[in-house]
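*Asks:* predicted structure and sequence below. I'll ask about it afterward.
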Amino acid sequence: MTDPQNNKSGLFYRIAPGILIAATGVGAGDLITASIAGSNVGVVIAWAALIGGILKWTLNEGLARWQLATDTTLLEGWNDRLGAPVRWVFVTYLLIWSVFTGGALISACGVAGAGIYDLGLSVQHAKIVWGIIHSLLGLTLVWIGGFALFEKLMSVCIGIMFCAVIATAVLIKPDWSAVALGIVKPTFNGDDTKFVLGVLGGVGGSVTLLSYGYWIREAGRKGISGLRDSRVDLAIGYTMTSLFGVAMLMIGSRLKLEPGGENVSIELAAQLEGVMGAFGKWLFLIGFWGAVFSSLLGVWQSIPYLFADFMLIRSGASANQRRDIDYTKTKSYRAFLIGLAIVPILMTNISLQKVQIYYAVMAAMFMPFLAATLLIMNNRTAWVGKQYKSGILTNVLLTLCVLFFIYVGYNEFFGDG
């Protein structure tokens, strides 16, 4: 599965998997949620973006710990150690999740495209056209380019996203002392809870976290040295996305925004134009596009790995055989990629706000399951060995992940608003 041409020695290629996984998890809903939170409560909850990064780092570190200890993916571990029913439950969930997530990403890219150029159409129709264009473009690039092209494209999109949004946050002239206080002094009242949860949960994705195992395999990582590399690149990746979340809070804190569905990003750009001029508007729109298209590319490239892995396990291929297979060339990978890029197009007529709600519910269901299985699997010395067994701090953080996402899920289903 590992392509020697990808084992490059440059700094980006050494830290690429962590940056890729963190950037893939930054979607339009996360950007909009953070900006609306900043508009409503300001930067006093900036700490939530950093805590969210720590929680997601813990989950991905646990995933890497399992894979590097056992030389099997987490999906293989679920099948081998927890039983085939877990595998079937997960793939059923994956199919449903893929439709909602694909729909959210296609709609988000459509909104980003419509904000830059409306094609002479209404926002709704421009969103649909641009969404289809982005989806098919992502399909084509992933199909023909392989992992090497994917890394290059993602590096460009991530650079655009990060530089544009951070620059916007700086140029909007925030109250830096308030930002610093919001980071180092975790405070909020009961009315702020939903915004805190939104910012906490918006850092770094859900099912996409599983993609990290396939990307570190592409990078050729092995053993304890590989785990050390993973800890570093995940720290860099989630630091970037945490800063990204803080930046969106800073931008939102200078504007007046209300939850209004898919036009919030366009409204945000328009308000920035009033504060910073046309330069501020276009800087944000380009950064927003970089964020959502990098997320779509990341999902289109990575999620088919999971289905291909499932099909290879189901076929009875041994672990050694699976390690030698280039998943991206398998029929199951390519079939799932086509389905992921085409089937969710049917959801472009649904408002982005509704699709994001469906996506949030699906994510809230998956995250406690992931954290709980890592608690079980990485604490069995007979399974991972003493050297890779989770420590006390890791177990505490994973337990907090379980409790936090159960709470988020409860709010989604039974909360009052």
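*Replies:* Ah, there it is.
*Asks:* who's in contact with stretch 324-337?
*Replies:* 1, 3, 98, 139, 142-143, 146-147, 214, 300, 303-305, 307-312, 317 (Cβ atoms under 8 Å, 6 or more residues apart in numbering). Quick note: C-beta positions are derived from backbone N, CA and C, even for glycine.
*Asks:* now the buried members of the residues you listed.
*Replies:* Among the contacts of stretch 324-337, those buried by neighbour count (16 or more other Cβ atoms under 10 Å) are 1, 98, 139, 142-143, 146-147, 214, 300, 303-305, 307-312.
*Asks:* looking at these, which are in helices?
*Replies:* If you go by DSSP state H, the buried ones among the contacts of stretch 324-337 have 98, 139, 142-143, 146-147, 214, 300, 303-305, 307-312 in helices.
*Asks:* who touches Gly102 in this structure?
*Replies:* Residues near Gly102 by Cβ under 8 Å, 6+ apart: Ser135, Val299, Leu340, Ala341, Val343, Pro344, Met347.
*Asks:* test my guess that Leu370 contacts Tyr212.
*Replies:* No: look at Leu370 against Tyr212 with Cβ atoms under 8 Å: they stay out of range, at 11.6 Å.
*Asks:* flag the shaky bits of the protein, pLDDT-wise.
*Replies:* Scanning the chain for pLDDT under 70 picks out 1-13, 27-29, 188-193, 201-205, 257-264, 350-364, 408-417.
*Asks:* apply 50 and report the result again.
*Replies:* In the prediction, the chain carries residues with pLDDT under 50 at positions 2-7, 417.
*Asks:* kindly export stretch 232-248 (C-alpha atoms) in CSV.
*Replies:* Extracted as CSV, the C-alpha positions of stretch 232-248 are listed here (Å, rounded to 0.1, in the frame of the first residue of the first chain):
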residue,chain,number,x,y,z
VAL,A,232,4.2,15.6,16.6
ASP,A,233,2.3,15.9,13.3
LEU,A,234,-1.1,15.6,15.0
ALA,A,235,-0.1,18.3,17.5
ILE,A,236,0.9,20.6,14.6
GLY,A,237,-2.3,19.8,12.6
TYR,A,238,-4.7,20.3,15.6
THR,A,239,-2.9,23.4,16.7
MET,A,240,-3.5,24.8,13.3
THR,A,241,-7.2,23.9,13.3
SER,A,242,-7.6,25.2,16.9
LEU,A,243,-6.1,28.5,15.9
PHE,A,244,-8.4,28.4,12.9
GLY,A,245,-11.4,28.1,15.3
VAL,A,246,-10.1,31.0,17.4
ALA,A,247,-9.7,33.1,14.3
MET,A,248,-13.3,32.5,13.3
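*Asks:* report the buried residues of it.
*Replies:* Residues of stretch 232-248 classed as buried: 233-235, 237-248 (neighbour count, 16+ other Cβ under 10 Å).
*Asks:* looking at these, which one is closest to Thr187?
*Replies:* Distances from Thr187 to these, taken as Cβ to Cβ, are shortest for Val246 (15.5 Å).
*Asks:* so that closest one sits against Ile183, correct?
*Replies:* Yes: using Cβ under 8 Å, Val246 is in contact with Ile183, at 7.1 Å.
*Asks:* next SSE after the strand or helix carrying Val41?
*Replies:* Using DSSP states H and E, Val41 maps to helix 28-41. On the C-terminal side of helix 28-41, the nearest following helix or strand under DSSP H and E is helix 46-70.
*Asks:* contact partners of the next helix or strand after that next one?
*Replies:* From helix 46-70 onward toward the C-terminus, using DSSP H and E, the following helix or strand is helix 74-77. For helix 74-77, contacts defined as Cβ under 8 Å, 6+ apart pick out 63, 66-67, 70, 87, 90, 210, 213, 306, 309-310, 313, 319, 322, 373, 377.
*Asks:* nearest to Ile32, of the buried residues of stretch 232-248?
*Replies:* Nearest to Ile32 among these is Met248, at 8.5 Å by Cβ to Cβ.
*Asks:* now for that closest one: which residues touch it?
*Replies:* So Met248 contacts Leu31, Ala34, Ser35, Gly38, Val165, Ala169 (Cβ under 8 Å, 6+ apart).
*Asks:* and if we set it to 6 Å?
*Replies:* Applying Cβ atoms under 6 Å, 6 or more residues apart in numbering, we find Met248 in contact with Leu31, Ala34, Ser35.
*Asks:* which SSE is it in?
*Replies:* Element membership for Met248 (DSSP H and E) is helix 223-253.
*Asks:* quick one: that helix to helix 28-41, angle?
*Replies:* Taking axes from the mean of the first three to the mean of the last three Cα atoms, to 10 degrees, helix 223-253 and helix 28-41 form an angle of 50 degrees between their directions.
*Asks:* and the nearest residue to Thr239 once chain neighbours are set aside, how far is that from Ala341?
*Replies:* The shortest distance from Thr239 to any residue other than its chain neighbours is 6.6 Å, reached at Gly53 (Cβ to Cβ, 6 or more residues apart in numbering). Using Cβ to Cβ, to the nearest Å, Gly53 is found at 29 Å from Ala341.
*Asks:* which strands and helices sit next to the helix holding Val41?
*Replies:* Using 3 or more Cβ pairs under 6 Å, 6 or more residues apart in numbering; DSSP states H and E, the elements in contact with helix 28-41 are helix 193-201, helix 223-253.
*Asks:* let's see 7 Å
*Replies:* helix 84-116, helix 193-201, helix 223-253, helix 264-276, helix 278-315, helix 352-377 (3 or more Cβ pairs under 7 Å, 6 or more residues apart in numbering; DSSP states H and E).
*Asks:* go through those helices and name the closest to Phe404.
*Replies:* helix 193-201 (7.0 Å).
*Asks:* which residues are contacting the closest one?
*Replies:* Identification of contacts with helix 193-201 by Cβ atoms under 7 Å, 6 or more residues apart in numbering yields 33-34, 37, 40-41, 45, 48-49, 51-52, 188, 245, 404, 408, 411.
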